[in-house]
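In: dropping the sequence and predicted coords here.
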Amino acid sequence: MKLEKIVLFNCAILFTVFWFIRLPLSPDEAHYYLWSLNLDWSYYSKGPLLGLVIKLSTLLFGKSEHSVRLPALLFSFGSIALVYRYLTRHKEFVDTEKLYLIIFSSVAMWYQALVMTTDAPAIFFWLLSCIAFKNYLDSDKNVYSLIVGSIALGFGIWSKYTILVVFVVFSVFLLKRVFQRQSPVRHLCLYFGIIALFVLPIIYWNYLNGWVNFQHNATHVGSGKINGLKPFYFFDFIGGQIGMFGLFLVTIVVYAARFFNRRSTQGTSFIFLSALSLFLVCMFVSFFKRIYPNWTIPAYPLMVLSLGLALNTHFLMNKKIFNIFLGVNAFVSLLGVLLLFGFTFALPGRILPTKKMVGWRDFSSFVLDQKLSNPDIGFVISESYDFTSELNFYTPSLNVYNTTLGGRRMNQFDIWQSHSDRLKEIRGSSVLLVLSSPEASDLFKPYFSRIERLPVKKDFSYDFSGESLRTVYLFRGYDYNGKPFQNAESH
């Protein structure tokens, strides 16, 4: 099958699946929507890009689950276009169809297109910046490629900080070229100047907000508490990588070690080292801390592209092994897509990856009904990030306040609420407490004259594949005393 037909078929299937998904937003997706209502230069955990693109999507298409997720699909289409163009422009790649399938047959590449996370924009801007920088390194001082790559890198920083790996690697390559007089100094100044335009607003926001964004992200790479080596985390990381990318990942690792051509162009070497650096950093950190499998996702397509010639020359010659690996990927991806349509395959709900995406509409309706049944209650508080995010998306009229009680880490709600006078306005009022456990009510006792269970026929609990998920406990707090809630205990 021609590469063009595979690409069109892939895009058509992605759009069809996207259009017919009816799962509610996950708590993170709902929270990112709230970012779009409060645009800023940065947020507690990420840069400003997600808020911007969701804002644009909802302005054009209205508030809906699809419009929140649409940017992920569009960024994925952009990544597909970049890979297609790269493969067709490099005539040394004989089996371009197979290289494309290695990249886009994995379940990770399907999910990033269908769920609104940082993954889809991160992949797109990694690809765009690295391909542009490759063109610059392999061309005769192509300043336009340098500008495009720098801008893409800047937007990549706005989406996910892992792209700073690309910034470090390309800076080394560019400094080397300047010292060897292969590139003029003005190109170096242009590069750092463009990046500064994107980074300085984030730094300024952090300065105004106690550096919380940097402190939070620093905990991911080891600045937090480390209690010796954790080999289990390493094996968990490796298992997660194979689960996301399939058996092709094992092949890529082998060929990266054995067949990478040291005589490759500067640009190809740059792409390879950028992708490899992210894998190695994540692997190193996984010996001490748990690593989310998706952190490496931008490096995967770039590793395939940089090793394309070696894979064409050796691995892809063995059609039987390739077809087996592709079949496994296709089967796992099919199961993943069916999960998004509500299939559970009789598996326990607690182990299914879609468990965080089900039941939120019913949950929000339940809380709203209880609030309307008690019209004298004018304010809603929850200690749960998930509850607060979902309620503020599906029932915005509740305008739920999130507290730090229970020893949780800081989140974006704390930053917004630190600039709010809402607590002063409700002093002496009764409050509806939406809690994740009955014990959590004890944490609120110092703030109210008394706390009682709200009389309901039955506590809300969502049944998913034979298991009860997220039971919700409603309490009524009388006469809030105006005392500020305690600060978060960690970043």
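Out: Nice, I can see it. Residues are numbered from 1 along each chain as shown.

In: residues near residue 307, how many?
Out: Residue 307 is flanked by 26 other residues according to other CB atoms under 10 Å. Placement of C-beta: from N, CA and C, glycine included.

In: swap in residue 196?
Out: 12.

In: the host helix or strand of it: what's the following helix or strand?
Out: Using DSSP states H and E, residue 196 maps to helix 185-208. Using DSSP H and E, the helix or strand that follows helix 185-208 towards the C-terminus is helix 212-218.

In: and the helix holding residue 196, what does it pack against?
Out: helix 143-159, helix 164-179, helix 212-218 (3 or more CB pairs under 8 Å, 6 or more residues apart in numbering; DSSP states H and E).

In: which residues touch residue 326?
Out: 101, 105 (CB atoms under 8 Å, 6 or more residues apart in numbering).

In: which residue comes closest to residue 270 once chain neighbours are left out?
Out: residue 173 (5.4 Å; CB to CB, 6 or more residues apart in numbering).

In: what kind of secondary structure is residue 17 in?
Out: Assigned with DSSP: H, G, I helix; E, B strand; the rest coil, residue 17 falls in the helix class.

In: hmm, it is touching residue 114, no?
Out: Yes. Between residue 17 and residue 114 there is a contact at 6.3 Å, judged by CB atoms under 8 Å.

In: now the helix holding residue 196 - C-alpha only, PDB.
Out: Output of helix 185-208 as PDB, limited to C-alpha atoms (Å, rounded to 0.1, in the frame of the first residue of the first chain):
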ATOM      1  CA  VAL A 185      27.600  34.700  15.700                       C
ATOM      2  CA  ARG A 186      24.400  36.500  14.700                       C
ATOM      3  CA  HIS A 187      22.700  33.100  14.200                       C
ATOM      4  CA  LEU A 188      23.600  32.200  17.800                       C
ATOM      5  CA  CYS A 189      22.200  35.500  19.000                       C
ATOM      6  CA  LEU A 190      19.100  35.000  17.000                       C
ATOM      7  CA  TYR A 191      18.600  31.600  18.400                       C
ATOM      8  CA  PHE A 192      18.900  32.600  22.000                       C
ATOM      9  CA  GLY A 193      16.900  35.800  21.500                       C
ATOM     10  CA  ILE A 194      13.900  33.900  20.100                       C
ATOM     11  CA  ILE A 195      14.000  31.300  23.000                       C
ATOM     12  CA  ALA A 196      14.300  34.200  25.500                       C
ATOM     13  CA  LEU A 197      11.000  35.700  24.100                       C
ATOM     14  CA  PHE A 198       9.300  32.400  25.200                       C
ATOM     15  CA  VAL A 199      11.100  31.700  28.400                       C
ATOM     16  CA  LEU A 200      11.100  35.200  30.000                       C
ATOM     17  CA  PRO A 201       7.300  35.400  30.500                       C
ATOM     18  CA  ILE A 202       7.400  32.000  32.300                       C
ATOM     19  CA  ILE A 203      10.300  33.200  34.500                       C
ATOM     20  CA  TYR A 204       8.400  36.400  35.300                       C
ATOM     21  CA  TRP A 205       5.300  34.500  36.200                       C
ATOM     22  CA  ASN A 206       7.300  32.200  38.500                       C
ATOM     23  CA  TYR A 207       8.900  35.200  40.100                       C
ATOM     24  CA  LEU A 208       5.400  36.600  40.900                       C
END
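
In: quick one: distance of it to the chain centre.
Out: From the chain centre to the centre of helix 185-208 is a distance of 23 Å (CA atoms, centre = their mean, to the nearest Å).

In: show me what counts as buried in that helix.
Out: 187-188, 191, 194-195, 198-199, 201-202, 205-206 (16 or more other CB atoms under 10 Å).
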